[in-house]
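Enquirer: Return a 3D structure for these sequence lines:
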Amino acid sequence: MDKLTFILSKCFQLTGVSISLYQDGEMIFGVGTDDFYPIRDTKGFRQKLVQTAQNKEVPLIGRDMHKVMFACIESGDSFCFFGPVAAEHLNRIEVHRFYFDMGMRKGMEKQVPFLPLSRFLACVEIIAAELTGQTYTDEEILAANAIRDEAELPGEKKKSLQRPDIMEETAHHTYMEERRLLDCVREGCVEEALRMNARMDAEIGMMSKNETEQCRKLATVAIALSVHAAIEGGISPADAYQISDDFLQKLDTCRDVSELIALRNQAVREITTKVHDRLMRKKSSSYVERCCDYVNKNYRNKIYLTKIASELGISPSYLSRLFAKEMGVTLQDYVVQIRVEHAANLLTFSNESISTISDYVNFPSQSYFGKMFLRYKNMTPREYREVHKPKEF
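Expert: Presented below is the predicted three-dimensional model:
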């Protein structure tokens with residue numbers, strides 16, 4: 001390993017941010033690029049960054065309308081890409097919109113790594129010094145990229161940011177601390193998850209001048225992060241989102257900080273305990289478990305019993321009987337339930353139209369979506385949105 005790839009590997013190890021090196025249009029090095037990677041997988045996006053970077057005398061830094069940043073560092077026919085990086089912590093709807101607009105239609109969406117601006121710039125400057133032999137200051141890069149209150153990727157729509165101090169390193173818990181919390185939940189370590197959550201409270205940036213509202217926002221962040229980790233730990237999205245919805249609604253009834261902290265801890269404990277219990281006992285056979293996992297990952301696509309059975313190496317009729325026996329519902333009903341739960345979550349936390357949500361979760365028609373939603377939620381999609389929509393939306 002040469003010095004440059006050593007530096008790139010260490011930057012990834014320290015930040016969790018994807019890094020790739022292209023030469024003559026071919027990727028010759030990459031870390032954090034195994035899953036969906038916009039630089040490689042979004043048609044025309046890399047070329048747009050390259051063209052813009054070629055017109056700059058300093059590394060290109062840009063931020064898109066989803067509050068996600070990328071850096072592009074040029075040296076001759078070599079280009080190094082650092083990103084995506086979240087300039088602010090993104091909720092699951094913002095993460096979904098980013099990946100959707102980047103062209104990802106299937107696959108596992110993952111949280112975009114958060115990095116304070118000062119640390120993001122430091123990594124870019126280290127990479128640039130090794131790749132180009134030139135040194136740059138924060139001020140030079142910010143000025144050349146016209147980064148003041150906002151940064152804009154070429155061709156993207158501008159969107160206002162939060163106040164500048166929200167970017168300061170001292171005002172936020174680090175990405176690695178967030179990862180440790182997620183690991184605790186994912187592994188079912190209840191008490192450790194609660195300890196990490198309390199530690200993050202002391203280090204996260206102020207999101208409101210009102211202490212009670214600050215705590216309410218912290219609790220919302222903790223619940224959202226825990227739910228994502230629980231799904232990765234094997235809890236079904238339907239169960240995870242139901243817990244999330246219940247606790248997020250209860251947050252609105254809390255009157256002071258002590259109530260908010262107690263409810264937040266209760267939510268983290270309950271979510272992590274579900275993961276722990278699942279790891280401690282096997283509720284279903286490996287066939288059924290793998291079948292559920294397939295549905296949870298592919299609910300937006302057409303799902304065929306024959307295809308799943310073929311991948312598992314068993315007959316469709318045997319899988320159908322086994323699934324109904326152990327899950328208490330048919331595979332077809334389970335698929336519908338999963339789609340309804342994802343739709344309910346989008347109705348709550350997005351402003352997308354009901355028809356768009358119906359298409360997104362792959363119902364064949366809006367009327368069938370409404371019929372199935374009413375069956376499982378005892379209300380229409382419109383009624384559900386009116387009842388469950390958080391006040392901030």
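
Enquirer: T5 contacts I28, correct?
Expert: No. T5 lies out of contact with I28 (Cβ atoms under 8 Å); the separation is 9.1 Å. The way it works is simple: take the backbone N, C-alpha and C, and place the C-beta from them, glycine included.

Enquirer: The two: who's more crowded?
Expert: The neighbour comparison of T5 against I28 (other Cβ atoms under 10 Å) goes to T5, with 15 against 11.

Enquirer: which regions of the stretch 201-350 of the chain lie under the pLDDT threshold?
Expert: Applying pLDDT under 70 to the stretch 201-350 of the chain flags the ranges 201-211, 280-285.

Enquirer: centre of the chain versus stretch 66-77, how much separation?
Expert: 21 Å (Cα atoms, centre = their mean, to the nearest Å).

Enquirer: Give me the common contacts of T5 and I28.
Expert: The contact sets of T5 and I28 overlap at L21 (Cβ atoms under 8 Å, 6 or more residues apart in numbering).

Enquirer: which residues does the closest residue to V112 other than its chain neighbours contact?
Expert: With sequence-adjacent residues excluded and distances taken as Cβ to Cβ, 6 or more residues apart in numbering, V112 is closest to A86, at 4.3 Å. The contact partners of A86, by Cβ under 8 Å, 6+ apart, come to 67-69, 111-115.

Enquirer: Next: A144.
Expert: So A144 contacts 56-58 (Cβ under 8 Å, 6+ apart).

Enquirer: out of those, who has the most neighbours?
Expert: Neighbour counts for the contacts of A144, by other Cβ under 10 Å, peak at V58, which reaches 21 neighbours.

Enquirer: Ramachandran angles for the residue lying closest to that residue once chain neighbours are set aside?
Expert: Nearest residue to V58 in three dimensions, chain neighbours excluded: A144, at 4.3 Å (Cβ to Cβ, 6+ apart). Note on A144: its backbone torsions stand at phi -70, psi -30 [degrees, to the nearest 10].

Enquirer: Packing partners of the helix or strand E74 falls within?
Expert: Applying DSSP states H and E as the criterion places E74 in strand 68-75. Taking 3 or more Cβ pairs under 8 Å, 6 or more residues apart in numbering; DSSP states H and E as contact, the helices and strands that strand 68-75 lies on are helix 45-53, strand 60-63, strand 78-86, helix 117-132.

Enquirer: Present those as JSON lines; the columns should include distance to L312 and mean pLDDT.
Expert: Converted to JSON lines, those look like this (distance: least, Cβ to Cβ, whole Å; pLDDT from 0 to 100):
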{"stretch": "helix 45-53", "distance to L312": "37", "mean pLDDT": "88"}
{"stretch": "strand 60-63", "distance to L312": "44", "mean pLDDT": "85"}
{"stretch": "strand 78-86", "distance to L312": "35", "mean pLDDT": "91"}
{"stretch": "helix 117-132", "distance to L312": "43", "mean pLDDT": "88"}
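
Enquirer: so which of those comes closest to I314?
Expert: Set against I314 and scored by Cβ to Cβ, the helices and strands packed on strand 68-75 come closest in strand 78-86, at 39.6 Å.

Enquirer: got the angle for the helix or strand that the closest one is followed by vs strand 68-75?
Expert: Going down the chain from strand 78-86, the next helix or strand is helix 92-101, by DSSP H and E. Angle, helix 92-101 to strand 68-75, by axes from the mean of the first three to the mean of the last three Cα atoms, to 10 degrees: 40 degrees.

Enquirer: Packing partners of helix 92-101?
Expert: helix 331-349.

Enquirer: Enumerate every residue touching the residue lying closest to I61 once chain neighbours are set aside.
Expert: Nearest non-adjacent residue to I61, counting by Cβ to Cβ, 6+ apart: N145, 4.5 Å away. The neighbours of N145, taking Cβ under 8 Å, 6+ apart as the test, are 56, 58, 60-62, 151.

Enquirer: E74 too?
Expert: The neighbours of E74, taking Cβ under 8 Å, 6+ apart as the test, are 50, 53-54, 56, 59-60, 132.

Enquirer: export the residues you listed to TSV and tack on distance to A193?
Expert: Output for those, formatted as TSV (distance: Cβ to Cβ, whole Å):
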residue	distance to A193
V50	42
A53	41
Q54	47
K56	44
P59	38
L60	39
T132	43
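
Enquirer: Show me how to select, in ChimeraX, the buried members of these.
Expert: For the buried members of the contacts of E74, the matching ChimeraX selection, counting by 16 or more other Cβ atoms under 10 Å, is:
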select :50,53,59,60,132
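
Enquirer: confidence score at the residue nearest to V58?
Expert: If you check A144, the pLDDT there is 84.

Enquirer: ok, now how distant is it from G62?
Expert: Between A144 and G62 the computed distance is 12 Å (Cβ to Cβ, to the nearest Å).

Enquirer: C-alpha coordinates for stretch 6-23, PDB please?
Expert: Extracted C-alpha coordinates of stretch 6-23, given in PDB (Å, rounded to 0.1, in the frame of the first residue of the first chain):
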ATOM      1  CA  PHE A   6      -2.700   4.500   3.300                       C
ATOM      2  CA  ILE A   7      -4.000   8.100   4.000                       C
ATOM      3  CA  LEU A   8      -7.300   7.400   2.300                       C
ATOM      4  CA  SER A   9      -7.800   4.200   4.200                       C
ATOM      5  CA  LYS A  10      -7.100   6.000   7.500                       C
ATOM      6  CA  CYS A  11      -9.500   8.800   6.700                       C
ATOM      7  CA  PHE A  12     -12.200   6.300   6.100                       C
ATOM      8  CA  GLN A  13     -11.400   4.400   9.300                       C
ATOM      9  CA  LEU A  14     -11.600   7.600  11.300                       C
ATOM     10  CA  THR A  15     -14.700   9.100   9.700                       C
ATOM     11  CA  GLY A  16     -16.700   6.300   8.100                       C
ATOM     12  CA  VAL A  17     -17.000   8.500   5.000                       C
ATOM     13  CA  SER A  18     -16.700   6.800   1.600                       C
ATOM     14  CA  ILE A  19     -13.600   7.600  -0.400                       C
ATOM     15  CA  SER A  20     -12.600   6.700  -4.000                       C
ATOM     16  CA  LEU A  21      -9.800   7.500  -6.400                       C
ATOM     17  CA  TYR A  22     -10.400   7.600 -10.100                       C
ATOM     18  CA  GLN A  23      -7.700   7.700 -12.900                       C
END
